[in-house]
Structures are given as C-alpha cells and as structure tokens.
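Novice: Could you look at this predicted model? Sequence included:
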Amino acid sequence: MTIADEAAHHGLHRVGGRPPLGAYLAEVWRRREFTFLLARYRLEAENGRNRLGMLWVVLKPLLSAGVYGLMFGLLLDTHKDVDDFLAFLVIGVLLFEYFSTCFTTGARSITANAALVQSLSFPRMALPLALVAQRFMQFVPMVAIMMLVAVLMGNYPSVQWLLIVPLALLFTLVNIGLTLMTARLTVHFRDLTQLLPFISRFFFYTSGIFFSVEVRFGDHPTIMRIADLQPIHEFLSLGRAILLDGPQYDITTIYWAYASAWAVLLVVAGILFFWAAEERYGRTD
Amino acid sequence: MAAPTDRRPVVVVDDVHVEYKIFATGKRPTAADSGRRMMQRRRTTRTVHALKGVSFTAYENDSIGVIGTNGSGKSTLMRAITGLTPVSQGAIYAASRPSLLGVGAALIKDLSGERNVILGGLALGMSLEEIESRYDDIVDFSGIRDYIDLPMRAYSSGMTARLKFAIATAQKHEILIVDEALAVGDQKFRNRSEERIREIRDNAGTVFLVSHSMRSIKDTCNRVVWIEKGVLMGDGPTDEVIAAYQEAQRH
C-alpha cells in the first residue's frame, strides 16, 4: 500500500491545491460576512483619525469635481455646447472615481495583504471583493450628490431615476471583474502598479468626462463607433441619460445591452482568471 | 522514526520538498563598482531549497515540538502543512485543514479591541453568532476588558499579543500549529497560554509547537521533530531528541 492509499484509508485529504470552481465560489459566499466587515472596518479606519472623520468620504470627490470644474469648465472652456455642464461634469467625475479607485487600489489587494494571505486560510477572492465593497460604500453617497446637483441644475426627479440602481450594480460587476484581473496580474508583475495610474488617466481623458464625445467627435463615425463600445463612456452616458433631461442626453437603449454585456464578460473572465492562480497567492517569492 | 502505532494518523508528510525562486538583490558593492552599475545590475534568480525530502506522520493527541536552528526550514514546513506554501515535490495529507495560530495580520490597529475580536473571529472562519457567544471568554482570557473600547494602536505590545492569542485560540482547532507564540506576555499569561495549548491537545486535537525554548517544548510536547537545513535530523520522544539536538549545538 502506498502512502497516498494509506492516507486515503484513514480519511485524510491532500493539503493545498485549488478547490473546484463551484466549491470555491460557495466558500467565497460562506465568508461574505468577513468580506463585508473587512470593507466596512477598513473604511472606518481610513478616516478614523481625521477630525472630520467619515465626512471625507463625501468631501474628497466633491473637491476633485470642484477642481476639474474650474480647470475644464472655466479655463479650458470645454463646457461650450454642453447643457447643464456642472451636472454633466459631476456625474462623469464621480462615476469615474468609483472605477479608477477600484482599478488602481484593487491591484494591490493581494500584494498589500501578504501577511494576511500567508497566515490564514480563506478564499483569496475575499480580498479584492472587500476592496470593491469598500469603494462601493464610498460610492453610495456619491449617487445622492449626483442627484442633488442634477436637481440644482433644473432637472426633475422621475421614476426613471430608479434606473441608477441597475446601473450601479452593472458598474460594480465591471469593477469586480477588472479588480480581480489586476489583483492577480500584480502578483505576477509588481511593475503593474507603476503602470496602472497611467492607464487610468488615459481612460479619464478619453471617456468624455469634461467634454462631450458626441459634441466634439459627432462627425467622425469611426471615433463614435469606438466610443459606443468603450465601457466607461457607456456607463457615463447612461448615468447622464438617467439623471439629466434634454435631447442631448437621449440615448439608444442599445447602450444598456452593451453595458450588460461588458459587465457579464468582465466578471466571468475576472472570476476564472483569479481562481486559476488561487494557490499561487500564498507563495513568498 | 516513531514506532508504528494503532492510533489514527491525522497528518502525513510524505517526502516533501519546497523550493523558492527569489530575485537576488545583489551582493554588497565592491570598490570596482561605479555608479553606472546601478542601472545594469543583473537580476539573477536564486533557488532556495528550503525543505529536502521531509517525511513523518502525526497521530491524534500528539503534541509535537519542532526544533532546529534559525533558517532550518521549521516555519516553511509548518506553512506547507497548512497548505499556505505549495510543495514542489511530495505530498501532505491531513484529516482536516491545519490552522496556524495567528490572527494578527487580519486585525486593524486603528480600530477598537472589540471590533478586532469580531474581525479576527470572522477571519478565522467563525460565524457572527459563534463570535457573539464566545466574546466574553475571549475578552476575559486576554485580560484587557478595561481597554477593549480603545483603538489597538494604544495597546502595549504585551496587551496586543494577549488579545491576538485569545482570539486565535477561541476557535476549536483539530490541528493547530503554534509558531513561537508562547514567548509573549508576562509569566502569568505564559502559563495560561500553555494551559490552553494543553487543553486543545486533550480535546482530541493535534498540536505542533515551533519554538526555540526547550523549556516550553518539554512542558507541552510528547514528541519532537528536529530539522536542520531542510533535512529531518531526528523524530522521537521529547527528551531523546532534545538531548541529541543540544549535543549537536555544542560542536
């Protein structure tokens, strides 16, 4: 009898190795309380030592919207031909901020927690998921701010505004998918953390946050075709279409189909990609 | 090798090798080096062969001391048993997933002791109800009830270590690995923690204790595994193996 047979005879299982996908996801679900509380407590700890505490969650994005508004709206004059430019900008900046903080800080969610990964056994997916959950908690008050600015600019709340809920959920799926991918890639190539801020900035300047892609490139069909398929631009356009009135913000329903397709594609690819290297994350090299 | 027994094996380590590949960050510069070398330094990888074919079997109710000099591979072996470090050759079988006693990495210094008890318990895999029911035990064992609402960064290192130990041992462990954790706290707390380790062992558990303190090992272990440079040098009753180890240290 070999040692493996004898071990099996006594009911022993081989240690280590990657569980099958179904069992893995079930374990991720079972540990959801940990994921959620880790996110909540980290958010509290991030702000706990500031005098204004959790108020910074709201203040920081507002300040960045203010800076961008000053830069692009007044100095660079990109607000020409855009209705309700302030609301246009605030929705763009706040939605983008949710994406970019997940994308860049999520990349370090495994490498920055090496000690935790090497001392406790839990599905590693909990760490990037906790990161996205933490950013989601920061994003929720942003939705209220977007609505407030939309009302101040003379847009009327309607039942249609409820569509912001499915939009936020789809956007969260996109962020989960991307965070899972960058979290694993950073384990293989640490250099990625140097590169990601530039990728994020590239999207910031090309997704139509402080200028309208439709106004600027309306007569370039190729560019418009690319913009139609670019997920960040889709989500920003949908957000503006939901909250802002006026013909400029009317949108074809096909954008919902595109956005849903991106969300499903990215989250499935992200889960598979992250799970495939599960046993790699605990290694010290 | 330990004599074969009719007791149930709980951990079987079968010819385990562990290798790491690590970027060598360079040797110290010599006089011949000039500034330009900084830019063209070669990134050589070195393979560290941390374990070279270790085999043994642990039985239930065993309490095994793991000894060896610094860098001998003790901690690597323990991490391999928990499955946190993948083996490059051989295999490890266990009756249930062995856990490393340690929860420190999951805790957040800026939060109160109370919240860290909850977070640490969840990190160990307990449910919120289980943590709720053991909360008072944990706090009493740590002996810091008066400070439990203060952020952990305000605790002394001894208080922090006691809280971590109390959280980590609150869970029922079938196979527990303790890496040098008993060296923390004052004499009174040390006695209580050794007592708790013995309790876990008596409740049909198996305990591995990695330590440089031969006194701790003699007090808690019935068997000792001695590792040197990744090779198993001895495995047997505590007194015999420790005597051989101390004999080797003198040369």
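Specialist: Arrived safely, thanks for sending.
Novice: Number of residues surrounding residue 212?
Specialist: Here I'm looking at chain A. If you count neighbours by other C-beta atoms under 10 Å in any protein chain shown, A:Ser212 ends up with 23. Any C-beta I mention is one placed from the backbone N, CA and C, and that applies to glycine too.
Novice: ah, no, chain B please
Specialist: There are 13 residues near B:His212, going by other C-beta under 10 Å.
Novice: And for A:Ala257?
Specialist: By other C-beta under 10 Å, 11 other residues sit near A:Ala257.
Novice: what helix or strand is it on?
Specialist: If you go by DSSP states H and E, A:Ala257 is part of helix A:254-275.
Novice: B:Lys229 and B:Thr76 touch, don't they?
Specialist: No - using C-beta atoms under 8 Å, B:Lys229 is not in contact with B:Thr76, being 11.6 Å away.
Novice: How is B:Ile177 assigned, secondary-structure-wise?
Specialist: strand (DSSP: H, G, I helix; E, B strand; the rest coil).
Novice: I meant B:Gly90, not that one.
Specialist: Going by three-state DSSP: B:Gly90 is strand.
Novice: what do you get for B:Leu84?
Specialist: coil.
Novice: and what of B:Ala58?
Specialist: Under three-state DSSP, the three-state class of B:Ala58 is strand.
Novice: Quick check: bridge partners of it?
Specialist: For B:Ala58, the beta-bridge partners are B:Val11 (DSSP bridges).
Novice: A:Ser200: neighbour count?
Specialist: The tally of other residues near A:Ser200 (other C-beta under 10 Å) stands at 16.
Novice: A:Leu244 is in contact with A:Asp250, correct?
Specialist: No - the pair A:Asp250 / A:Leu244 is not scored as a contact, 10.0 Å apart, by C-beta under 8 Å.
Novice: Between those two, which has more neighbouring residues?
Specialist: Taking other C-beta under 10 Å, A:Asp250 and A:Leu244 do not tie; A:Leu244 has more neighbours (20 against 8).
Novice: looking at it, that one is touching A:Val82, isn't it?
Specialist: No - at 10.3 Å, A:Leu244 and A:Val82 do not qualify as touching, with contact defined as C-beta under 8 Å.
Novice: Show me which of B:Lys229 and B:Thr76 is the more surrounded one.
Specialist: Neighbour tally, B:Lys229 and B:Thr76, criterion other C-beta under 10 Å: the higher count belongs to B:Thr76, 22 against 14.
Novice: Return the distance of that one relative to chain A.
Specialist: 9 Å (C-beta to the nearest C-beta, to the nearest Å).
Novice: Excluding chain neighbours, what is closest to that residue?
Specialist: B:Ala50 (4.3 Å; C-beta to C-beta, 6 or more residues apart in numbering or on different chains).
Novice: average pLDDT across the helix or strand containing the one you found?
Specialist: Following DSSP H and E, the helix or strand that holds B:Ala50 is strand B:45-59. Regarding strand B:45-59, the rounded mean pLDDT is 87.
Novice: What residues does the most centrally placed residue in chain B make contact with?
Specialist: Per C-alpha atoms, centre = their mean, the C-alpha nearest to the average position across chain B is that of B:Asp179, at 2.7 Å. By C-beta atoms under 8 Å, 6 or more residues apart in numbering or on different chains, the contact list for B:Asp179 reads B:75, B:78, B:100-102, B:210.
Novice: Rebuild the residues you listed as CSV, extending it with distance to A:Gly53.
Specialist: Below are these laid out as CSV (distance: C-beta to C-beta, whole Å):
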residue, distance to A:Gly53
B:Ser75, 40
B:Met78, 41
B:Leu100, 35
B:Leu101, 35
B:Gly102, 31
B:Val210, 42
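Novice: Pipe those into a markdown table and attach neighbour count, pLDDT and secondary structure per row.
Specialist: A markdown table is the format used below for these (neighbours: other C-beta atoms under 10 Å in any protein chain shown; pLDDT from 0 to 100; DSSP: H, G, I helix; E, B strand; the rest coil):
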| residue | neighbour count | pLDDT | secondary structure |
| --- | --- | --- | --- |
| B:Ser75 | 19 | 85 | helix |
| B:Met78 | 20 | 89 | helix |
| B:Leu100 | 24 | 81 | strand |
| B:Leu101 | 25 | 78 | coil |
| B:Gly102 | 21 | 75 | coil |
| B:Val210 | 23 | 89 | strand |
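Novice: Do me a favour and average the pLDDT over stretch A:169-188.
Specialist: Average pLDDT, stretch A:169-188: 95.
Novice: How far off centre is it?
Specialist: Distance of stretch A:169-188 from the chain centroid (C-alpha atoms, centre = their mean, to the nearest Å) equals 8 Å.
Novice: The top helix by length along chain A near chain B anywhere?
Specialist: Assignment by DSSP state H gives helix A:126-152 as the longest helix of chain A. No - interface with chain B: helix A:126-152 contributes nothing (C-beta under 8 Å from any C-beta of the partner chain), its closest point being 9.2 Å away.
Novice: Give the buried residues for the helix or strand following that helix.
Specialist: Counting by DSSP H and E, the next helix or strand C-terminal to helix A:126-152 is helix A:164-188. For helix A:164-188, the neighbour count (16 or more other C-beta atoms under 10 Å in any protein chain shown) marks A:164, A:167-168, A:170-187 as buried.
Novice: Report whether helix A:164-188 contacts chain B.
Specialist: No - against chain B, helix A:164-188 shows no contacts by C-beta under 8 Å from any C-beta, the least distance being 12.9 Å.
Novice: quick one: contacts for A:Pro141?
Specialist: A:Pro141 touches A:57-58, counting by C-beta under 8 Å, 6+ apart.
Novice: And for the one 10 residues further on?
Specialist: The neighbours of A:Val151, taking C-beta under 8 Å, 6+ apart as the test, are A:Pro157.
Novice: shared neighbours, B:Lys229 and B:Thr76?
Specialist: By C-beta under 8 Å, 6+ apart, B:Lys229 and B:Thr76 have no common neighbours.
Novice: Excluding chain neighbours, what is closest to A:Leu43?
Specialist: Leaving aside its chain neighbours, A:Leu43 sits nearest to A:Gln134 (5.1 Å; criterion: C-beta to C-beta, 6+ apart).
Novice: Before we move on, what's the pLDDT of A:Glu97?
Specialist: If you check A:Glu97, the pLDDT there is 90.
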